[in-house]
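S.K.: give the three-dimensional model of this entry:
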Amino acid sequence: MPDTTMRAALNDALKIAMRDDPDVFVIGEDIAGGANAPGEDDAWGGVFQVTKGLVGEFGRERVIDTPISETAFLGLAIGAANTGLRPVVEIMFVDFFGVCFDQVLNNAAKFRYMYGAHAATPITIRTTYGVGGLSAAQHSQTLYSVFAHIPGIKVVVPSNPYDAKGLLLESIHDDDPVIFFEHKALYDAVGDVPAEPYRIPLGQAEVRRRGNDVTIVALGRMVGLAEQAADQLSAQGIGCTIVDPRTISPLDEATILDCVRSTGRVVVVDEGHPRCGMASDIAAIVARKAFRDLNAPISAVTAPHTPVPFAANLEALYVPTAEDIKTAVVDVINYS
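M.R.: Next comes the predicted model:
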C-alpha cells in the first residue's frame, strides 16, 4: 500500500489484531464516539481518528468508549490483561498519564516480578506525544524517557508508517506491558506499508543510512529531520549514519555502539528535555562503552528544559530542527 499514512497503518494493525484474536479489544475516550449519532454513519475514531471504523466491524463490546477517567479505564484494562485478554488502551495524550501513573508504575510494570513470572500483563497502551498544532504545555510533552526508566515496561517510538504497523502488531502480541508512543505530527506522514500482517521485533534498531563521518541517533519524529540534515550534509561531503532505535526499552545498544565505533563521532537527537532524557541516557551508554572509540565529544540536540510554549513563534524555536542537527554534526566533525 504505497502512500499509506501512519494513521492508516495503525488502524490497519488494530483491525488485523482484532480479526485474528477475539481476546483483543480497544478502550479509551471517544474511540467510538459519534457512532449511531444522527447523520453519523461511523465513529469519530478518537481525537486523531486512529480507531475510526472499528466499532462498525467489531461492535461496542470490543470498542469501548469510556468516561474521562484514565485511572479507572486503565485499571480495568490491566485487570483484563491479567485474566488473559489483550487490551489496547488509548490515552489521548501522554500528558494525561499524570492522573493514572500509579496503574502503570505499581501495577502493570510489577505483576510479572511480584508473582514469580506466573502473571502476564499483555496490555498495549497507545498514546500521543510531541510538539505540533499549538497544543501548548499540557498536551505536547515528550515523556517516553519517564517510562523507559521503569523496569517491566516496554516502550516503542516509531518514526514512520511501516514501522508503526509492524511494531504495533508485535506490541499487541507481547505478553508484557507496552507503551506505544505516536507523534501527533507524524499521523499524516506517508510511506509504503504492506497490506499483509508483519511484525517488527521490539529491541531491534534500524540503520536508516550509512556514512563514514558521524553517527546520528534520532528518535521518533527526529529521524525525519536527521535524514533532511544528512541529505544537506552529504552535499558538503559529510557522510552520516542514522540509527533509529524504534524501541527505547529494550534499547538496541549493540547497533548504536557498532555504528559509533565505525564513525568515531555521535550526535543524539531527541525532542525530549535534556535532563534525564533519552539523549542523556544514550550519551551515557556511549561514554561508558565506546569512549576509546570516540574522536570528538558526544553531542546532543534536544528541546530546552522548559515547558512547551503556546505561541507559534516560540513553539517553532522550542523543537529541534534539521538546521540544529547540521550545526551539531559540523561541530563534532571540526573538533580538534
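
S.K.: so what's the spatially most central residue of the chain up against?
M.R.: With distances taken as Cα atoms, centre = their mean, the residue of the chain nearest its centroid is V157 (2.1 Å). Residues in contact with V157 (Cβ atoms under 8 Å, 6 or more residues apart in numbering) are Y144, F181, L219, G220, P245, R246, T247, I248. To be clear about C-beta, it is placed using only N, CA and C from the backbone, and glycine gets the same treatment.

S.K.: for the stretch 51-200 of the chain, what spans make up the helices?
M.R.: Along the stretch 51-200 of the chain, counting by DSSP state H, counting those that start in this stretch, helices occupy 54-58, 70-82, 101-102, 111-114, 144-148, 161-173.

S.K.: what does the last one contact?
M.R.: To tie it back to what came earlier, the one meant is helix 161-173. Outside helix 161-173, the residues that touch it by Cβ under 8 Å, 6+ apart are 4-6, 8-10, 12-14, 16-17, 24, 86, 88, 122, 124, 126, 154, 156, 158, 178, 180, 182, 189-194, 197-202, 206, 244, 246-247.

S.K.: kindly report the same for the first one.
M.R.: Defining contact as Cβ under 8 Å, 6+ apart, one finds that helix 54-58 is touched by 11, 14-15, 18, 25-26, 31-32, 35, 42-43, 45, 62-63.

S.K.: do a quick rundown of the strands in the stretch 201-336 of the chain.
M.R.: All strands of the stretch 201-336 of the chain, identified by DSSP state E, counting those that start in this stretch, fall at 206-209, 214-218, 240-244, 247-249, 266-270, 299-302.

S.K.: could you dump those to a markdown table with distance to F111?
M.R.: What follows is the strands of the stretch 201-336 of the chain, written out as a markdown table (distance: least, Cβ to Cβ, whole Å):
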| stretch | distance to F111 |
| --- | --- |
| strand 206-209 | 31 |
| strand 214-218 | 32 |
| strand 240-244 | 31 |
| strand 247-249 | 17 |
| strand 266-270 | 30 |
| strand 299-302 | 33 |
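
S.K.: so this protein: which segments form each domain?
M.R.: The chain breaks down by automatic domain parsing into domains covering 4-191, 206-333.

S.K.: rank these by pLDDT, which is bottom?
M.R.: Mean pLDDT is lowest for domain 4-191 out of the domains of the chain, coming in at a mean of 92.

S.K.: what's the span of that domain from first residue to last?
M.R.: End-to-end distance for domain 4-191: 5 Å, by Cα to Cα, to the nearest Å.

S.K.: so who does P177 touch?
M.R.: 78, 81, 104, 108-109, 121-125, 152-154.

S.K.: any idea how far it is from I248?
M.R.: Distance of P177 to I248, given as Cβ to Cβ, to the nearest Å: 14 Å.

S.K.: re earlier: quick check: the farthest pair among the contacts of helix 54-58?
M.R.: With Cβ to Cβ as the measure, no two of the contacts of helix 54-58 lie farther apart than F25 and D42, at 18.4 Å.

S.K.: ok, the two, which is more surrounded?
M.R.: Counting neighbours by other Cβ atoms under 10 Å for F25 and for D42 shows that F25 has the greater number, 22 against 14.

S.K.: apart from its chain neighbours, what residue comes closest to that one?
M.R.: Leaving aside its sequence neighbours, F25 sits nearest to R62 (Cβ to Cβ, 6 or more residues apart in numbering; 4.2 Å).

S.K.: my guess is the one you found contacts I27. True?
M.R.: No: with contacts counted by Cβ atoms under 8 Å, R62 stays clear of I27, the gap being 9.0 Å.

S.K.: more neighbours: these two, which one.
M.R.: I27 (21 against 18).

S.K.: quick check: bridge partners of the more buried one?
M.R.: Taking DSSP bridges as the rule, I27 bridges to I64, V89.

S.K.: thought it was touching E90?
M.R.: Yes: counting by Cβ under 8 Å, I27 does reach E90; the two are 7.3 Å apart.

S.K.: tell me the contacts of G272?
M.R.: Residues near G272 by Cβ under 8 Å, 6+ apart: T142, L143, Y144, S145, L219, M278, A279, T302, A303.

S.K.: any idea how far A312 is from it?
M.R.: The gap separating G272 from A312 is 21 Å, by Cβ to Cβ.

S.K.: got it, and G152?
M.R.: Distance, G152 to A312, using Cβ to Cβ: 39 Å.

S.K.: so those two - more neighbours on which side?
M.R.: Ranked by neighbour count (other Cβ under 10 Å), G152 and A312 place G152 first, with 17 against 9.

S.K.: contacts only, for that one.
M.R.: Shown in contact with G152 (Cβ under 8 Å, 6+ apart): A108, A109, K110, R112, Y113, D176, P177.

S.K.: please redo it, this time with the cut-off set to 10 Å
M.R.: Contacts for G152 (Cβ atoms under 10 Å, 6 or more residues apart in numbering) come out as 104-105, 108-114, 121, 176-177, 249.

S.K.: cool, Q228 as well?
M.R.: T321, A322, E323, I325, K326.

S.K.: ok, of these, which come out buried?
M.R.: For the contacts of Q228, a burial check counting by 16 or more other Cβ atoms under 10 Å picks out A322, I325, K326.

S.K.: now render those as a markdown table, adding distance to G132.
M.R.: Putting those into a markdown table (distance: Cβ to Cβ, whole Å) gives the following:
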| residue | distance to G132 |
| --- | --- |
| A322 | 16 |
| I325 | 18 |
| K326 | 22 |
